[in-house]
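Colleague: got a structure for you, letters missing:
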């Protein structure tokens with residue numbers, strides 16, 4: 001493909017496709033974008049990773065994460081917010097709409113298309129304080145007296161939000177091959193167990209400074225939000241676990257490589273209906289039935305294989321880390337497909353995982369997570 005207008009058009013078309021897809025499908029499309037970008041760069045002699053958002057919005061990064069952000073946890077009118085609830089993601093400008101029936105202000109966000117949604121403040125997982133208030137924004141959308149009228153932002157507000165998210169999404173797609181090296185770089189090379197959104201942005205967009213990391217070029221807000229989008233994609237939650245206070249800290253725990261491999265292995269087994277699943281389900285059904293009948297005479301005849309132990313560890317992860325009503329945990333997504341064939345449980349959630357482990361004689365050790373039950377051979 002000749003570099004220039006044609007390649008840019010192709011990248012733009014792929015990007016528009018990515019906007020219509022889920023987080024899972026987004027990875028595939030963003031990789032295509034990165035490949036198109038790399039091909040165009042090679043043919044034109046341009047170095048890779050040179051894309052710069054055409055309207056880079058600067059901001060006080062200290063307002064996003066760090067001590068000041070942790071102390072000031074209140075979400076205020078004018079903040080850009082990303083909302084996660086019921087497995088769906090929305091973004092917009094936070095406002096405070098007055099509820100006549102309850103005679104109080106309620107947390108509300110004006111999303112793209114000027115649609116208002118009411119939500120919990122806890123549903124906000126990313127925010128940019130005072131996003132509509134800096135002078136650069138005022139020049140575009142007009143002034144907004146948030147104290148006098150917190151429920152009615154300027155008409156152009158939702159358009160500004162859409163432009164901002166579009167630019168962040170385009171950055172995510174263009175730099176996806178660099179984003180894809182984040183886990184290996186920070187876990188293996190830098191020996192880190194946790195990572196922050198800001199660290200990812202500085203690494204991906206080459207703004208870490210020199211060898212002493214002094215005086216780095218500041219990140220812009222699109223780069224930071226693109227990094228947040230990457231870390232919170234469904235497929236990447238296998239590797240990066242958001243902290244409870246991720247809105248204020250931007251911090252994620254990195255799962256150990258062996259845990260990532262275990263989870264990916266189980267998901268692959270479940271998707272392909274591998275024999276390991278059927279074998280485990282048959283054993284578990286016997287254990288559950290005997291447990292409920294208080295007759296464990298058959299337990300000593302059952303031996304767990306290596307594959308069984310992998311599946312048990314997967315269920316343990318779902319039980320211990322599945323209580324997150326904001327982000328879609330990969331373990332909980334696939335847990336029903338593992339437990340439902342046992343025909344023993346109705347609603348399947350993290351609590352069900354605990355019950356299942358109890359009924360088959362497995363007890364999670366909070367320190368080494370080894371299987372402990374003298375009545376079962378392992």
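Modeller: Done, it's in. On a predicted model such as this, the values are computed, not experimentally measured, just so you know.
Colleague: show me where the stretch 151-300 of the chain has helices.
Modeller: Taking DSSP state H, counting those that start in this stretch as the test, the helices found in the stretch 151-300 of the chain are 157-174, 176-179, 182-184, 197-204, 221-231, 246-249, 257-272, 275-292.
Colleague: Just list what the last one packs against, helices and strands only.
Modeller: What it means is helix 275-292. In terms of contacts (3 or more CB pairs under 8 Å, 6 or more residues apart in numbering; DSSP states H and E), helix 275-292 is packed against helix 257-272, helix 306-321, helix 350-359. The C-beta positions use only the backbone N, C-alpha and C, and glycine is treated the same way.
Colleague: and the helices of the stretch 151-300 of the chain, which is most packed in?
Modeller: Burial among these, expressed as mean neighbours by mean count of other CB atoms under 10 Å, is greatest for helix 221-231, which shows a mean of 26.
Colleague: Mean confidence (pLDDT) on that one, please.
Modeller: Averaging the model's pLDDT scores along helix 221-231 yields 94.
Colleague: counting contacts, what elements does it pack onto?
Modeller: In terms of contacts (3+ CB pairs under 8 Å, 6+ apart), helix 221-231 is packed against strand 124-128, helix 157-174, helix 176-179, helix 197-204.
Colleague: can you list the weak-confidence ranges in this protein?
Modeller: Scanning the chain for pLDDT under 70 picks out the ranges 1-63, 66-73, 97-106, 112-113, 131-155, 210-216, 322-325, 363-378.
Colleague: which residues does residue 285 contact?
Modeller: For residue 285, the contacting residues are 342, 343, 344, by CB atoms under 8 Å, 6 or more residues apart in numbering.
Colleague: For those, could you give me TSV that also reports secondary structure, neighbour count and distance to residue 118?
Modeller: Output for the contacts of residue 285, formatted as TSV (DSSP: H, G, I helix; E, B strand; the rest coil; neighbours: other CB atoms under 10 Å; distance: CB to CB, whole Å):
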residue	secondary structure	neighbour count	distance to residue 118
342	helix	18	39
343	coil	9	39
344	coil	18	38
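Colleague: of all the helices and strands packed on helix 275-292, which lies closest to residue 239?
Modeller: Taking CB to CB as the measure, these were each checked against residue 239, and helix 257-272 came out nearest at 5.5 Å.
Colleague: Check which helices and strands that closest one sits against.
Modeller: Using 3+ CB pairs under 8 Å, 6+ apart, helix 257-272 sits against helix 275-292, helix 306-321, helix 330-339.
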